[in-house]
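[1] got a predicted model here, sequence first, then my questions.
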Amino acid sequence: MPHDRDTLITGIGLISCLGEGLDAHWTALNNPSGFVPVVDDTTFPPFLVHPMTVLELDKQIPKRGDQRQMEAWQRIGTYAAGLALDSAGIKGDKDLLAQMDMIVAAGGGERDYAVDAAILSGLPKAENPGAYLNEHLLSDLRPTLFLAQLSNLLAGNISLVHGVTGSSRTFMGEEAAGTDGVRIACQRIRAGQGDIALVGGSYNAQRPDILLEYEMGRVLWNHPFAGVWARQAEGGGMVLGSLGCFLVIESRSHAQARGAAVLGRIGEVVTDRCHRRPGEATANARKQLAIVAPALDRDGSAVISGASGVPAPTVEEQGFLAELGLPVRATGTALGHGMEPSFPANLALATVCLRHGRLFAPLEAAEAAMDSPLRQVLVTSWGQWRGEAMATVTAA
């Protein structure tokens, strides 16, 4: 039954390699000739990246000075936030923006590549590696670099450019930052601690430093392109993707009072984490499923998975999802793995599917078609290192 404190999605801003906005994503995911991945395999060989679509920054960040002082990840996030505010019909509404809560999921900024390369080249040859590292970190890195890497700069830029001046929180922690951002926004609204929130994040995957970091952990895919599930036959791995997504979430009573168009309703959002010993993530997922299952309509449901492609959690999630018997789509095949904004982006894709009343076509051979009408989506997130989450989205 509808309730005044239901958490409704009333605005979505989504940008990725597939384009700008929900319609562009729906069109790309439903190509009559079959899905065509958008992948850059030449800039960072042997690694692949899903590159950000070309953006006309002036549309959402009108001042060139603002554009210049932001790094790419901040431009991506500020642009996506502007799209979400436009979608919700509240862009420029100073009174409403002043009471809007903001929760941003963000990593750090970009590195000084030349300094990093010099330190990494010299470190193996140093007589005392620890002393060498301390000396060069103190003398070679610009103090301003640390300011440019502050994760809460994205929230600051959204406030400056778009006028969102209510409470602000920035979460760090890769995928778990995005899942907890959505969870806490929904809990605050349901508890009456707020009426409207802007929630999301951004990720710039087109960075040699970030590719180096994940390759040092041996979790990147370095073969010709393959889907998330298909990669597991050759050892698995991530293909990172540049991604920006923000959602406007508000209570039903607040949305009705301002006559907002409702795009979808977020049900229970549950998050957890574990040490990732074999079976632990599955145990968390089963506990989460027990919480959301009473509201799950299995006849009209499908799963949108945030599987990263990293072998251990991806194989474990694939086994868990097989037990559900529901059609599954791993959006990492289409968007790449975008870390912090992955979960909000999958909630956005769930919403556009519900708006059309059907699931988009399979992205690879391991995914089954769904011919029946779609009434509900179960969105999952198993972070590449930590963080398990689950939520349901239904048509409002």
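    Right, received. Where do you want to start? Remember, it's a predicted structure, so these values are computed and weren't measured experimentally.

[2] any idea which helix or strand in the chain has the lowest mean pLDDT?
    Least confident helix or strand, the chain: helix 143-148 with a mean of 59, by mean pLDDT, DSSP states H and E.

[3] then the next helix or strand along the chain from that one to PDB, C-alphas only?
    The helix or strand immediately downstream of helix 143-148 is helix 153-162, counting by DSSP states H and E. This file holds the C-alpha atoms of helix 153-162, laid out as PDB (Å, rounded to 0.1, in the frame of the first residue of the first chain):
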ATOM      1  CA  LEU A 153      35.200  18.500  -3.800                       C
ATOM      2  CA  LEU A 154      32.500  16.900  -5.900                       C
ATOM      3  CA  ALA A 155      29.800  17.800  -3.300                       C
ATOM      4  CA  GLY A 156      31.300  21.300  -3.200                       C
ATOM      5  CA  ASN A 157      31.200  21.800  -6.900                       C
ATOM      6  CA  ILE A 158      27.600  20.500  -7.100                       C
ATOM      7  CA  SER A 159      26.700  23.100  -4.400                       C
ATOM      8  CA  LEU A 160      28.500  25.900  -6.200                       C
ATOM      9  CA  VAL A 161      27.300  25.100  -9.700                       C
ATOM     10  CA  HIS A 162      23.700  23.900  -9.000                       C
END
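
[4] run through who's touching helix 153-162.
    60-61, 63, 66, 70, 73-74, 77-78, 81-82, 85, 91, 97, 102, 104, 106, 109, 164-165, 168-170, 198, 201-202 (CB atoms under 8 Å, 6 or more residues apart in numbering). From N, CA and C alone the C-beta is placed, and that goes for glycine too.

[5] same thing but 7 Å
    Helix 153-162 has contacts (CB atoms under 7 Å, 6 or more residues apart in numbering) with 61, 66, 70, 74, 77-78, 81-82, 85, 102, 104, 106, 164-165, 168, 170, 202.

[6] now do it, average pLDDT.
    On average, the pLDDT along helix 153-162 is 96.

[7] buried sites along that helix?
    Buried residues in helix 153-162, counted by 16 or more other CB atoms under 10 Å: 153-155, 157-159, 161-162.

[8] what about the helices in the stretch 51-200 of the chain?
    Secondary structure of the stretch 51-200 of the chain by DSSP state H, counting those that start in this stretch: the helices cover 64-69, 72-88, 94-98, 113-122, 129-140, 143-148, 153-162, 175-190.

[9] helices or strands up against the last one?
    Just to be clear, that refers to helix 175-190. strand 7-16, strand 101-105, strand 168-171, strand 196-203, strand 243-251, strand 264-272, helix 342-356 (3 or more CB pairs under 7 Å, 6 or more residues apart in numbering; DSSP states H and E).

[10] right, so the helices of the stretch 51-200 of the chain: which one is the most enclosed?
    helix 72-88 (a mean of 26; mean count of other CB atoms under 10 Å).

[11] that one: how far from the chain's middle?
    13 Å (CA atoms, centre = their mean, to the nearest Å).

[12] what's in contact with that helix?
    Here helix 72-88 makes contact (CB under 7 Å, 6+ apart) with 10-15, 21, 52, 55, 57, 60-61, 67, 70, 91, 109, 153-154, 157-158, 161-162, 198, 200-204, 242, 244-248, 260.

[13] what average pLDDT does it get?
    Helix 72-88 comes out at a mean pLDDT of 97.

[14] same thing with stretch 216-230?
    For stretch 216-230, mean pLDDT rounds to 97.

[15] in that stretch, which residues are buried?
    Going by 16+ other CB under 10 Å, stretch 216-230 has these buried residues: 219-221, 226-230.
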